[in-house]
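Peer 1: heads up, no residue letters with this:
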């Protein structure tokens with residue numbers, strides 16, 4: 001019999017992004033492995049209440065509105081009763097939160113041990129964060145509070161694992177590295193497709209924001225167009241840096257060589273990728289970058305900045321790395337274009353075959369299942385369990401988070417216990433109906 005798993009995050013469909021796609025695809029594969037998956041997120045517009053999506057995945061859209069970057073405001077009074085009801089009703093055994101910026105995910109991890117000491121908790125970190133600025137310090141302290149008693153964590157790259165160990169103060173042996181994957185049924189090359197008329201297509205597909213290195217793109221567009229008359233840019237995505245790119249295009253009369261597609265739905269991403277020959281990723285920080293895997297699966301050679309976990313993602317045959325410097329990145333792109341013109345790089349079919357065999361959702365789901373199995377196999381008192389650090393005294397671990405934040409965490413824990421006690425009196429567990437599970441036959 002499989003596990004009853006609750007995937008919880010502020011980031012889920014109908015919003016589109018890497019975390020949203022990860023939760024959805026992982027849930028589908030876990031269901032095929034015989035597990036039961038329930039997804040919890042906040043409301044998106046009129047989408048509230050309970051919805052059933054592909055393969056009968058029950059999704060709870062809680063009545064909270066996002067405040068900033070699709071995340072809700074912390075609200076212990078409102079989230080504890082709702083999460084308690086869901087965990088009891090769905091007979092949840094594992095609470096799996098996604099994203100360090102997910103408020104509802106962090107709250108669920110913190111609430112879990114108070115709601116039910118037998119609940120297992122898993123956290124997947126999809127991003128890298130710094131340590132120096134004020135926002136990073138606060139974010140890291142909040143993460144430490146959320147992960148104070150987590151059973152295991154998952155990172156999408158080895159660089160991300162090191163980052164999470166330092167930020168979240170989690171034992172390294174409790175953190176697993178499981179990368180993202182790509183659905184190769186959606187991303188595949190169009191072997192008969194070319195840019196047309198001898199054109200060379202350079203594709204950019206990302207949010208047009210500072211963190212994605214769009215300023216670097218703005219500095220290399222004109223030199224590349226001047227040196228290579230057949231180069232054309234295909235830029236998908238939207239954001240505040242769109243204005244910068246449009247100004248550069250108009251100022252240099254490049255309207256016939258630079259094409260903007262705006263915000264692109266996920267199902268249309270491949271249609272734009274196959275228009276190009278080379279994919280450009282200029283991110284200033286990145287834990288994994290699923291976009292470069294999608295591009296490689298479509299047969300494009302990738303030129304990326306050497307940041308975060310990107311060097312771990314693809315082999316050098318299909319990816320060229322460059323420093324975060326406009327002039328050096330420009331030289332790397334020129335080198336790849338010269339190789340393309342002389343036929344010294346892999347063709348579309350070879351690139352796709354090499355990239356598509358590396359990351360598969362079935363493999364990632366099986367590796368995630370191993371994480372779950374190890375949690376249940378590991379006794380609470382044995383070495384390797386996070387609870388081993390503070391046997392029988394969880395409040396001491398909260399207090400040791402820091403002189404200031406430790407006291408805040410201590411107060412929140414006491415407040416949690418008081419609210420749960422009130423909920424137990426007003427709504428006893430025995431009065432909450434449990435839901436039957438829709439399990440599919442194991443296929444993987």
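Peer 2: All right, it came through fine. Small disclaimer: the values here were computed from a predicted structure and weren't measured. Residues are numbered from 1 along each chain as shown.
Peer 1: and residue 196, what pLDDT?
Peer 2: You'll see residue 196 listed with a pLDDT of 50.
Peer 1: Does residue 102 touch residue 11 like I think?
Peer 2: Yes: counting by C-beta atoms under 8 Å, residue 102 touches residue 11, with 6.3 Å between them. (Glycine included, C-beta is placed from N, CA and C.)
Peer 1: shared neighbours, those two?
Peer 2: residue 19 (C-beta atoms under 8 Å, 6 or more residues apart in numbering).
Peer 1: for this structure, what's the longest helix?
Peer 2: helix 405-426 (DSSP state H).
Peer 1: where in the protein is pLDDT low?
Peer 2: Residue ranges of the chain with pLDDT under 70: 1, 192-197, 379-397, 399, 438-444.
Peer 1: The same query, at a cut-off of 80, please.
Peer 2: Residue ranges of the chain with pLDDT under 80: 1, 16-17, 68-70, 76, 132-133, 135, 191-198, 266, 379-403, 436-444.
Peer 1: For it, which segments are assigned as helices?
Peer 2: 18-32, 76-89, 103-115, 134-146, 158-168, 214-227, 242-251, 269-273, 290-297, 326-342, 348-356, 361-377, 394-399, 405-426.
Peer 1: Compute the inter-axis angle for the third one and helix 76-89.
Peer 2: Relative orientation of helix 103-115 and helix 76-89, computed by axes from the mean of the first three to the mean of the last three C-alpha atoms, to 10 degrees: 70 degrees.
Peer 1: neighbours around the closest residue to residue 62 other than its chain neighbours, how many?
Peer 2: Nearest residue to residue 62, sequence neighbours excluded (C-beta to C-beta, 6 or more residues apart in numbering): residue 42, at 5.3 Å. By other C-beta atoms under 10 Å, the residues close to residue 42 number 26.
Peer 1: Tell me who's in contact with residue 42.
Peer 2: 10, 61-66, 72, 104.
Peer 1: can you list the residues that contact the longest helix of the chain?
Peer 2: By C-beta under 8 Å, 6+ apart, helix 405-426 touches 76-77, 80-81, 84, 110-111, 114-115, 141, 144-145, 148, 394-395, 398-401.
Peer 1: Buried only: go through these for me.
Peer 2: By neighbour count, with 16 or more other C-beta atoms under 10 Å, the contacts of helix 405-426 hold 80-81, 84, 110-111, 114-115, 141, 144-145, 148, 394, 398-399, 401 as buried.
Peer 1: from the residues you listed, which is closest to residue 179?
Peer 2: residue 144 (24.7 Å; C-beta to C-beta).
Peer 1: Look up how far residue 3 lies from the closest one.
Peer 2: Using C-beta to C-beta, to the nearest Å, we find residue 144 at a distance of 27 Å from residue 3.
Peer 1: And for residue 56?
Peer 2: Distance from residue 56 to residue 3, by C-beta to C-beta: 16 Å.
Peer 1: Which of those two has more residues huddled nearby?
Peer 2: When residue 56 and residue 3 are compared for neighbours, residue 3 comes out ahead with 21 against 13, by other C-beta under 10 Å.
Peer 1: Could you measure from that one over to residue 36?
Peer 2: For residue 3 relative to residue 36 (C-beta to C-beta), the value is 7 Å.
Peer 1: do the same with residue 285
Peer 2: For residue 285, the distance to residue 36 - C-beta to C-beta - is 36 Å.
Peer 1: And the two? Which one has more around it.
Peer 2: More crowded of residue 285 and residue 36, by other C-beta under 10 Å: residue 36, with 25 against 18.
Peer 1: which residues sit in contact with the residue lying closest to that one once chain neighbours are set aside?
Peer 2: Nearest residue to residue 36 in three dimensions, chain neighbours excluded: residue 437, at 4.4 Å (C-beta to C-beta, 6+ apart). Contacts were defined as C-beta under 8 Å, 6+ apart; by that measure residue 437 touches 4, 36, 91.
Peer 1: From residue 38, how far off is residue 437?
Peer 2: Distance from residue 437 to residue 38, by C-beta to C-beta: 9 Å.
Peer 1: Then residue 315?
Peer 2: Counting by C-beta to C-beta, the gap from residue 315 to residue 38 is 37 Å.
Peer 1: the more surrounded of those two?
Peer 2: Ranked by neighbour count (other C-beta under 10 Å), residue 315 and residue 38 place residue 38 first, with 23 against 10.
Peer 1: how much space between the more buried one and residue 87?
Peer 2: With distances taken as C-beta to C-beta, residue 38 is found 9 Å from residue 87.
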